[in-house]
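>>> What follows is a protein structure lacking sequence information:
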Ligand code: SF4
């Protein structure tokens, strides 16, 4: 495989037609992102300003993940707030004051908007500005929307990180470029990538979001931004507005995707390609070995993606190219053509792509195709299982560390497991 994938206008699926649908959707809202964001930013707190429904969603999505004191909560808008009978801004100030008195460890507070706060037009940016004046520099208060109106669940991370970009310090003008890896990665994955970057000879590498809000990475014209997640359109735009330049690359899923991602970074940072390839060769070899047994199970099987996480296209590329699966339909909630150009170029020509959702029509297409495996949201999985189809919950692919060489085998395992389970049940 060449280190940098040349993109041609007609390569793979770059100019393939896309079925665009704007009907009923079955996806989680942006509040879900809090579950992985709060684990990454260890001194941040997420205060959802929403209803009991929002509180239930967060509690049940977090479920088993709550250990001691969680770093998220919901300020519940009650009937009086919703009817405009109480001053919601004043109540919010009181809630925040109580929270910060009780939790002196909080350094960064996000006020997270929801459908109810948007419906009553509660201005959270005004609240954040007012609370910032009161509590900074001890605590910074920012706001973003996690509402489910016209959004999908990974957009919560995009909105959160985009809100944080103005807080990043300005990078001093340097002749030497710095690499900024953007997108939440599990700490273990971040540490593995850090070691690989070092082995390739990249010394100036930072990650965003950082683990501590008091050590935010700098950004400026010398910044080369490398996206680790495909759903960060607004964050990338905000970073580019501050001078950063995006490194075009596929996403680090599987042996091939991880190698191409790392080597694209090396090339952008002026590192010798042969030396960089040599540095990652052992890890890449391990990943390929880990994939081999999964390929035996998955090769030739058909997979159908419902739109859910925005990871669908990189995952489809991984399943088709590294595991030999056949792609029946690859649905994504939103197709960012620029950020996904390298991925689209690698998809088999003729792959059926769809953007957005009209759930009933898509269910019809899925039933007609009778794929071996369906990747979909929780709400669709049970009914499809009851109809005899084998499913994989898309949200698990966001909660599980799947990026990088060392995780390639685990990622493949997430797709072989439901097929094995179905085989056992049949036996
Ligand atoms: Fe439901 Fe909207 Fe609250 Fe999400 S933000 S839990 S979609 S009400």
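Right, received. Where do you want to start? A quick note: this is a predicted structure, and the numbers were derived from the prediction, not measured.
>>> Where does pLDDT dip in this protein?
Applying pLDDT under 70 to the chain picks out residues 1-11, 24-27, 62-69, 81-86, 150.
>>> Up against the ligand, what does it have?
29, 31, 50-51, 53-54, 57, 114-116, 146-148 (C-beta under 6 Å from any ligand atom). All C-beta atoms are positioned from the backbone trio N, CA, C, and that covers glycine.
>>> do that again at 5 Å, thanks
By the rule C-beta under 5 Å from any ligand atom, the part of the chain lying against the ligand is 29, 31, 50, 53, 54, 57, 114, 115, 147, 148.
>>> Quick check: which element contains residue 164?
Under the criterion of DSSP states H and E, residue 164 resides in helix 155-164.
>>> How far does that helix sit from its chain's centre?
With C-alpha atoms, centre = their mean, to the nearest Å as the basis, helix 155-164 stands 10 Å off its chain's centre.
>>> any idea which helix or strand comes after it?
Following helix 155-164 in sequence, per DSSP H and E, is strand 178-182.
>>> quick one: the helix or strand just after that next one to chain centroid distance?
Heading C-terminal from strand 178-182, the first helix or strand you meet, by DSSP H and E, is helix 187-200. Per C-alpha atoms, centre = their mean, the displacement of helix 187-200 from the mean C-alpha position of its chain is 19 Å.
>>> sorry, back to before: elements contacting the helix holding residue 164?
Contacts defined by 3 or more C-beta pairs under 8 Å, 6 or more residues apart in numbering; DSSP states H and E place helix 155-164 against helix 34-40, strand 108-113, strand 140-145, helix 233-241.
>>> Reformat these into JSON lines and put distance to residue 19 and mean neighbour count next to each item.
Output for the helices and strands packed on helix 155-164, formatted as JSON lines (distance: least, C-beta to C-beta, whole Å; neighbours: other C-beta atoms under 10 Å):
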{"stretch": "helix 34-40", "distance to residue 19": "30", "mean neighbour count": "20"}
{"stretch": "strand 108-113", "distance to residue 19": "31", "mean neighbour count": "26"}
{"stretch": "strand 140-145", "distance to residue 19": "28", "mean neighbour count": "23"}
{"stretch": "helix 233-241", "distance to residue 19": "21", "mean neighbour count": "18"}
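>>> Determine which of these approaches residue 184 most closely.
Residue 184 lies closest to helix 34-40 among these, at 4.9 Å (C-beta to C-beta).
>>> Just the buried positions in the helix or strand that the closest one is followed by, please.
Going down the chain from helix 34-40, the next helix or strand is strand 44-50, by DSSP H and E. Of all the residues in strand 44-50, those buried under the rule 16 or more other C-beta atoms under 10 Å are 44, 45, 46, 47, 48, 49, 50.
>>> repeat for stretch 420-427
Buried residues in stretch 420-427, counting neighbours by 16+ other C-beta under 10 Å, are found at residue 422.
>>> from the chain's centre, how far out does that stretch sit?
That offset, for stretch 420-427, works out to 31 Å (C-alpha atoms, centre = their mean).
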